[in-house]
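A structural model of the following input is requested.
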Amino acid sequence: MLNHTPGYVVWCYVPNDNGDGWEPPYVCQPAIGEVDGDVFVAADDAHRCAKTLRQHYHGHLFAVLHTSQTPKLTR
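From the prediction side, this is the model:
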């Protein structure tokens, strides 16, 4: 369950093993639930983190969303 501390988190979509779709998205940065309020306060910081992750994890998708939102599932 997501915490509701105002801020931004980076969601990750990982390709499935068949290569024809995606695993369900999960919060990858910051790890929610480890420390209450562990979020990016500024959207710019979250976007910088997502950009860095994209450079290191080719083929994965990253999305920045406010903690009050969850991403749509992909097909």
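
May I have the phi/psi pair for the residue located most distally from the centre of the chain?
Most distant from the centre of the chain: residue 18, at 22.0 Å, with distances by CA atoms, centre = their mean. With angles defined as degrees, to the nearest 10, residue 18 sits at phi -80, psi -20.

try residue 27
Reported as degrees, to the nearest 10, the phi and psi values for residue 27 are phi -80, psi 120.

what's around it, how many residues?
Using other CB atoms under 10 Å, the number of residues around residue 27 comes to 19. All C-beta atoms are positioned from the backbone trio N, CA, C, and that covers glycine.

and it, what are its bridge partners?
Residues in a beta bridge with residue 27, per DSSP bridges, are residue 11.

circling back: contacting residues for the residue farthest from the centre of the chain?
Residue 18 makes no contacts at all, as judged by CB atoms under 8 Å, 6 or more residues apart in numbering.

before we move on, what about the one 5 residues further on?
Contacts here follow CB under 8 Å, 6+ apart; on that basis residue 23 touches 13-16.

Closest one to residue 73 out of those residues, please.
residue 13 (9.4 Å; CB to CB).

How many residues are close by residue 6?
By other CB under 10 Å, 11 other residues sit near residue 6.

what pLDDT does it get?
If you check residue 6, the pLDDT there is 85.

I figured it hits residue 69, correct?
No: because the distance of 11.6 Å does not satisfy CB atoms under 8 Å, residue 6 is recorded as not touching residue 69.

Nice, that's everything, thank you.
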